[in-house]
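Participant: Structure, please.
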Amino acid sequence: MDRFDDHMPRTRIAMQAMEKALARLEGVTAKGTHGDLFLEQEVKALRADYARLDETAAEVEERLDGAILRIRSVLEG
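Facilitator: Numbers count the residues shown, from 1 in each chain. Predicted structure coming up:
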């Protein structure tokens with residue numbers, strides 16, 4: 001693996017960490033102890049933000065992969 005191959009795992013790791021954090025927040029709101037309406041709305045907003053970030057990260061990964069392939073072909077050519 002070279003330095004160009006490690007960009008994707010870092011973004012996936014960050015997105016997975018965010019997913020776990022959102023799941024924990026949802027767990028807290030489901031228990032009802034701190035599950036007031038405001039917190040529940042915040043978690044829903046965070047979930048929507050996460051979905052948009054995940055989509056953007058996937059698009060960026062695709063573009064980076066394409067750019068890396070083009071750079072490699074130029075360097076190897």
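Participant: Okay, and the most centrally placed residue in the chain sits in which element?
Facilitator: Nearest to the centroid of the C-alpha atoms of the chain, with distances taken as CA atoms, centre = their mean, sits Met15, at 2.8 Å. Met15 belongs to helix 7-31 when elements are defined using DSSP states H and E.
Participant: List the buried residues of that helix.
Facilitator: 11, 22, 25-26, 29 (16 or more other CB atoms under 10 Å). Every residue, glycine included, has its C-beta placed from N, CA and C.
Participant: got those residues as TSV, with distance to Thr56 and pLDDT columns?
Facilitator: TSV is the format used below for these (distance: CB to CB, whole Å; pLDDT from 0 to 100):
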residue	distance to Thr56	pLDDT
Thr11	10	78
Leu22	16	82
Leu25	21	78
Glu26	22	78
Thr29	26	71
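Participant: can you put the residues you listed in CSV and add distance to Ala57?
Facilitator: As requested, those are exported to CSV (distance: CB to CB, whole Å):
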residue, distance to Ala57
Thr11, 5
Leu22, 15
Leu25, 20
Glu26, 21
Thr29, 25
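Participant: Tell me which other helices or strands the helix holding Met15 touches.
Facilitator: Counting contacts by 3 or more CB pairs under 8 Å, 6 or more residues apart in numbering; DSSP states H and E, helix 7-31 is packed against helix 37-76.
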